[in-house]
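Novice: what follows is a predicted protein model with its sequence.
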4 protein chains.
Amino acid sequence: MIIIMSQGATQNEIEQVIAKVTGAGLKVHLSEGKFRTIIGLIGEKKLMAQLPLEAMDGVEKTVSVTAGYKLVSREFKNEDTVIDIGGIFVGGTNITVMAGPCAVESREQLLESARIVKAAGAQFLRGGAYKPRTSPYSFQGLEEKGLEMLAEARDVTGLKIVTEVVDIESVPVVGAYADVLQIGARNMQNFQLLKAVGKSGMPVLLKRGIAATINEWLHAAEYIMSEGNYNVMFCERGIRTYEDYTRNTLDLSAVAALKNLSHLPVIVDPSHGTGLWKLVRPMSRAAIAAGGDGLMIEVHPQPAEALSDGNQSLTPKNFQTLMDEVKAIASVMGRDLL
Amino acid sequence: MIIIMSQGATQNEIEQVIAKVTGAGLKVHLSEGKFRTIIGLIGEKKLMAQLPLEAMDGVEKTVSVTAGYKLVSREFKNEDTVIDIGGIFVGGTNITVMAGPCAVESREQLLESARIVKAAGAQFLRGGAYKPRTSPYSFQGLEEKGLEMLAEARDVTGLKIVTEVVDIESVPVVGAYADVLQIGARNMQNFQLLKAVGKSGMPVLLKRGIAATINEWLHAAEYIMSEGNYNVMFCERGIRTYEDYTRNTLDLSAVAALKNLSHLPVIVDPSHGTGLWKLVRPMSRAAIAAGGDGLMIEVHPQPAEALSDGNQSLTPKNFQTLMDEVKAIASVMGRDLL
Amino acid sequence: MIIIMSQGATQNEIEQVIAKVTGAGLKVHLSEGKFRTIIGLIGEKKLMAQLPLEAMDGVEKTVSVTAGYKLVSREFKNEDTVIDIGGIFVGGTNITVMAGPCAVESREQLLESARIVKAAGAQFLRGGAYKPRTSPYSFQGLEEKGLEMLAEARDVTGLKIVTEVVDIESVPVVGAYADVLQIGARNMQNFQLLKAVGKSGMPVLLKRGIAATINEWLHAAEYIMSEGNYNVMFCERGIRTYEDYTRNTLDLSAVAALKNLSHLPVIVDPSHGTGLWKLVRPMSRAAIAAGGDGLMIEVHPQPAEALSDGNQSLTPKNFQTLMDEVKAIASVMGRDLL
Amino acid sequence: MIIIMSQGATQNEIEQVIAKVTGAGLKVHLSEGKFRTIIGLIGEKKLMAQLPLEAMDGVEKTVSVTAGYKLVSREFKNEDTVIDIGGIFVGGTNITVMAGPCAVESREQLLESARIVKAAGAQFLRGGAYKPRTSPYSFQGLEEKGLEMLAEARDVTGLKIVTEVVDIESVPVVGAYADVLQIGARNMQNFQLLKAVGKSGMPVLLKRGIAATINEWLHAAEYIMSEGNYNVMFCERGIRTYEDYTRNTLDLSAVAALKNLSHLPVIVDPSHGTGLWKLVRPMSRAAIAAGGDGLMIEVHPQPAEALSDGNQSLTPKNFQTLMDEVKAIASVMGRDLL
């Protein structure tokens, strides 16, 4: 961290800042310019983070020069992380496709969806058993019954299961049925839940918060990793902006940025990201072209019958076309979509 | 809800929509225009919310004409809600001030803060015992020890206590010490937690999510009220925008909007809302002038010593000036700041 | 400006940066820390602004420590600017109210509006003769005919006239009729137009761009002042955010911020800022409480007859109530609304 | 347009709305539901746009069911527009690359840039002669001298020239040198300028405003087309959001949306869109995969020497790699990059 003193800072103010900083166990590197003094801090990031320096007299601003996260960074680990999920590898040269309905609605709907996405080449079945909804009066999911159906679909098709966990209490039960625990956008900074899935040791798909910065997202992953769980995947699902034609603004530059900043795999969800099924295919192609490691796609046997998010779900036929297009892009990128 | 069919919608498509809607137990009101057909839906909102109509062929768009919330609305209850918190009344003609440090740091710091804010006229002591922080390496709060200190400060000063609860597990322990449970911005759509504080029956201060719409915020309050707990206060604390001079953009028009849409009290937090102590006084005056029912203000005996958010905390002297100014505005507004 | 070199920067890279900077006529102040080198730049801001330092090898980032504007700043001029507009003073202890219809629609409508706002205590008549509209098919204004009507209304009532100028060509004609030239939100960074109104020497009301930062806004005012025209007023009119309940998000913290950063007067337009007439009165009170120097309010004899923005216009009766409320707040603030 | 009356609307209020609407020359289609009345409007869009219906008593809200633009839409013209720019065709199956420095700095710099981008396969040379800059003290461009250099570069290399026009006065001079007139982001709603380039009849590249919605952008193009100029290209260059890691948030879903809504070509500028040269290659690939018709890329012989935006410019070598990658993606998309 660098402390930039204001132009009129007095010698006394400078000394008080130095006293405060050294008192906290940090070392300083002083640079006295013609117009202003700059104080560099050397020491543990954790100690720096707790100093309210900008409230001190004579301080104009402070500048962080190192990120507040560590385990998620490329500096910590340069090579791409590849996560082994029961023999399915996410990251590296692989392109992974997770597909299925937004919500588990019934045994028939789920098994049919599973067969469809399996046939088209997906490796994971997605489907919500616990559904966080804006209104308390909307469909909230089938809960454990839904989890049982997901497990049955895995038995029948061999697909892996990714599904959302919405609170600490249900980490064990969701963990008992699923292969990957999904943290939803609304819970990206539910730090107690992040610690809980961190402790579970299970693979985690961490969706980006509805208005989270890339920096906050990296820190959220750090919460999970700091519990010893290194099996973390990011999932870009669109951010909230002023634009209202799309449900969210899918931020593919965040995908490219994460691939520079972190070694963890990045999945893209263009279904929630755009909210419009017509945009799902072009944005899926773009996601892989941008360097994404996989896709999460809403597919429903009959979108018009879906209990949630039918407007953004693909029909089986559209999903098959998507897979063909994505395979072509993946091949140009030197990636394998098995 | 109104379904607007597209111009080229066929008779068959119109009939399928009608079949779907009536099959779900709703009635329709058909309006066949020269260029397009419009279908009005009559029946339970809950049933409508679960129909993915926009995915059906021939549907151009759907328009909600009634809000998805009920208990929080002025239509449900026209007169202002006044919440009785151990003899302190929030809402109505009262202006309530909640003040104190961002985090409970030590017994001395807290007791000193409590005496300062009490002397200046605040009715509530605020202070975080559990602190959600972006980085896992930042100060996370004193937890139950902090709660004990808050309770001691209440005993000494008579101030009521408002403090944040971050997960379901700690609702009982926080509830045992606090007078008001605060739901933080990051948890505004942690629906399991909303239900839990709803069941607790305790007064709840519901902060606005970092990028929550007014509509989502009203729905979040509905989650709490639908558990039978009607003691809910909103707290505007700034929203995330592109502007980076301030920490957040304090949205005072949301205060005026909520006073129109809902009967519940609205508190304003200009400390987090702006992140800059110089802006706290003008925005406190503005909050009351906009119709707010109270303020939540960060005050610290020595802001430059604070372990979190020192940059936005007021000194005791500045807080006293704020109280004087707010009293003058309150009096013009016909409100009492006791 | 401060250049922060990356941790692995080589001696050669550091030397190249120094060579580049000194070659541009700037001096450097070198600070070699244990982990990284920091280079302070001394010299003309203009020269620094033209160096693409972040593209150089070994540079991690650069930090500006001084603002890019000068004439608008409190550092340049500490006391509040008071602008004399034909004997009406804006700024200082005065509260100025500019009111009238969004657009000049007819002689009758305008004269009636003028009499109404004059009677209620406004000092300025507002009304658009040139209307920038999203669609080429919407009403575009009466142009010079509208200006003639504005001038007639001034003759009749004694009100000063503020109206928008949308291109360089019409600066002379608008200037011939108006007392204050308004730069609309869409033109805040139409730099050629800013220079033209700067050269005109006339008082300018500079509306904030739809998504302009406070910093960009200050720079836009600097464009006008750098042409020698010091009669500039800011006008906050709401910014674009994700919130869609209001037309824009009125940013009153920007008012408080500008009063700290600049000596120029700040007017607030809650009509465009909220887009909802019900919110205009509370936000007007809040604007003055936040430290604003005046208001710009849409008033229409019959809002439901207005050719543009009727939904946000006040009736004469509501405007009178607003003036009474604002006077009460102004008096608490030690301000005069004559 | 559809008018939704509020639940408690009186018969008198309904009749007044109908009188107002029919008085304006529109026909109505009345639909009286059990709980509320809905009034459909039939007639010219232009007439509807001028009615302030939401200000009338008893009106809850109005809903537009048709877009306010016409000439730009797929409904007006279904097949893709292909623009012939002196024998270079933009749109259809072609992928067009426009590349060069942000600003024209000198004859040598420009000619070298031109040779580099020509050798790598670009068809257009970009470069600003007039530079709109946030601060009046930043480099503002070489103006007509810069235009002469651009024309010379065309003579030498055969590249077409695209450059920005910033005001009406300079439309003729820029038009005399350039092949395509660029409207910059800050001028997207400078309607007088849009009309002027519309009248010029020259091909126009219309950049998206810094915070423009897709809908506003389509309307801006309609301004140009309504002057009889059908040679319009969109250019997505990133929108302003809360995310600050990237300079803007490149909105590739807008590209896919425009290809659905409009027949006009869409170019993508990932250099301004991200502000970070490391992200330019992945986002260029993604832009073409999303359905974009071309790219606008900043290339500089020596980015670290650039007078503006050096941080986002590619080196010649990186640009060559980009072209190779884009060609591979284009081929998968069935597009030709000649």
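Specialist: Arrived safely.

Novice: ok, so what distance separates A:E148 from B:T10?
Specialist: A:E148 sits 41 Å away from B:T10, taking Cβ to Cβ, to the nearest Å as the criterion. (Glycine included, C-beta is placed from N, CA and C.)

Novice: again, but for A:L337
Specialist: Separation of A:L337 from B:T10 (Cβ to Cβ): 38 Å.

Novice: so for these two, which sits in the more crowded spot?
Specialist: Neighbours per residue (other Cβ atoms under 10 Å in any protein chain shown) separate A:L337 from B:T10, with A:L337 holding more: 21 against 12.

Novice: nearest residue to that one other than its sequence neighbours?
Specialist: Excluding the flanking residues, the one nearest A:L337 by Cβ to Cβ, 6 or more residues apart in numbering or on different chains is A:I95, at 4.2 Å.

Novice: that neighbour is in contact with A:D336, isn't it?
Specialist: Yes - if you go by Cβ atoms under 8 Å, A:I95 and A:D336 touch, sitting 6.5 Å apart.

Novice: common neighbours of these two, please.
Specialist: Jointly contacting A:I95 and A:D336 under the rule Cβ atoms under 8 Å, 6 or more residues apart in numbering or on different chains are A:A330.

Novice: who's in contact with the residue nearest to A:S262 when sequence neighbours are not counted?
Specialist: Among residues not flanking A:S262 along the chain, A:V72 sits closest, at 4.9 Å (Cβ to Cβ, 6+ apart). Taking Cβ under 8 Å, 6+ apart as the criterion, A:V72 is in contact with A:L218, A:A221, A:E222, A:M225, A:V232, A:L261, A:S262, A:H263, A:L264.

Novice: list the contacts for the second one?
Specialist: What it means is A:A221. Going by Cβ under 8 Å, 6+ apart, A:A221 touches A:Y69, A:V72, A:L206, A:V232, A:F234, A:S262, A:L264.

Novice: redo that, cut-off 6 Å
Specialist: A:V72, A:L206, A:V232 (Cβ atoms under 6 Å, 6 or more residues apart in numbering or on different chains).

Novice: quick one on the thing from earlier: what's the closest of the contacts of A:V72 to chain C?
Specialist: Minimum distance to chain C across those is 13.6 Å, recorded for A:L261 (Cβ to the nearest Cβ).

Novice: mind checking pLDDT for the closest one?
Specialist: Looking at A:L261, its pLDDT reads 96.

Novice: repeat for A:V65
Specialist: We have a pLDDT of 67 for A:V65.

Novice: picking that back up, was I right to think the residue nearest to A:L337 contacts A:G334?
Specialist: No - in this structure, A:I95 is not within contact of A:G334 by Cβ atoms under 6 Å, at 10.4 Å.

Novice: higher neighbour count, those two?
Specialist: A:I95 (25 against 7).

Novice: could I get the pLDDT score of that one?
Specialist: Confidence at A:I95, expressed as pLDDT, is 98.

Novice: before we move on, what about A:E105?
Specialist: Value for A:E105, per-residue pLDDT: 91.

Novice: what distance do you get for the nearest residue to it once chain neighbours are set aside to chain C?
Specialist: Nearest residue to A:E105, sequence neighbours excluded (Cβ to Cβ, 6+ apart): A:L307, at 5.0 Å. According to Cβ to the nearest Cβ, to the nearest Å, A:L307 stands 26 Å off from chain C.

Novice: A:L307: neighbour count?
Specialist: Based on other Cβ under 10 Å, the number of other residues close to A:L307 is 22.

Novice: check contacts around it.
Specialist: A:L307 makes contact with A:A103, A:E105, A:F139, B:Q50, according to Cβ under 6 Å, 6+ apart.

Novice: which one of those is nearest D:N248?
Specialist: The closest of these to D:N248 turns out to be A:A103 (Cβ to Cβ; 34.5 Å).

Novice: how about A:T315, nearest residue that isn't a chain neighbour?
Specialist: Once flanking residues are discounted, A:T315 sits nearest to A:P303: 6.2 Å by Cβ to Cβ, 6+ apart.

Novice: ok, that neighbour - how many residues close by?
Specialist: For A:P303, the count of nearby residues is 24 (other Cβ under 10 Å).

Novice: what's the next secondary structure element after the helix or strand bottoming out on mean pLDDT in chain A?
Specialist: Lowest on mean pLDDT, DSSP states H and E among the helices and strands of chain A sits helix A:45-49, with a mean of 73. Note on helix A:45-49: by DSSP states H and E, the next helix or strand toward the C-terminus is strand A:59-63.

Novice: what residues sit buried inside that following strand?
Specialist: Neighbour-count burial for strand A:59-63, counted by 16 or more other Cβ atoms under 10 Å in any protein chain shown, picks out A:V59, A:E60, A:T62, A:V63.

Novice: dump those to TSV, plus distance to chain C.
Specialist: TSV is the format used below for the buried residues of strand A:59-63 (distance: Cβ to the nearest Cβ, whole Å):
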residue	distance to chain C
A:V59	12
A:E60	7
A:T62	10
A:V63	5
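
Novice: surely the residue nearest to A:E105 is in a helix?
Specialist: No - counting by DSSP: H, G, I helix; E, B strand; the rest coil, A:L307 is not found in a helix; it is coil.

Novice: per-residue confidence at it?
Specialist: We have a pLDDT of 72 for A:L307.

Novice: could you do A:Q140 as well?
Specialist: On pLDDT, A:Q140 comes in at 85.

Novice: low pLDDT regions in chain A?
Specialist: Where chain A drops to pLDDT under 70, the residues are A:33-35, A:65-66.

Novice: need the residues of it near chain D, please.
Specialist: With the criterion set to Cβ under 6 Å from any Cβ of the partner chain, chain A comes near chain D through A:213-214, A:241, A:243, A:245-246, A:249-253, A:256-257, A:260, A:274, A:278-279, A:282-283, A:285-286, A:289-291, A:328-329, A:332.
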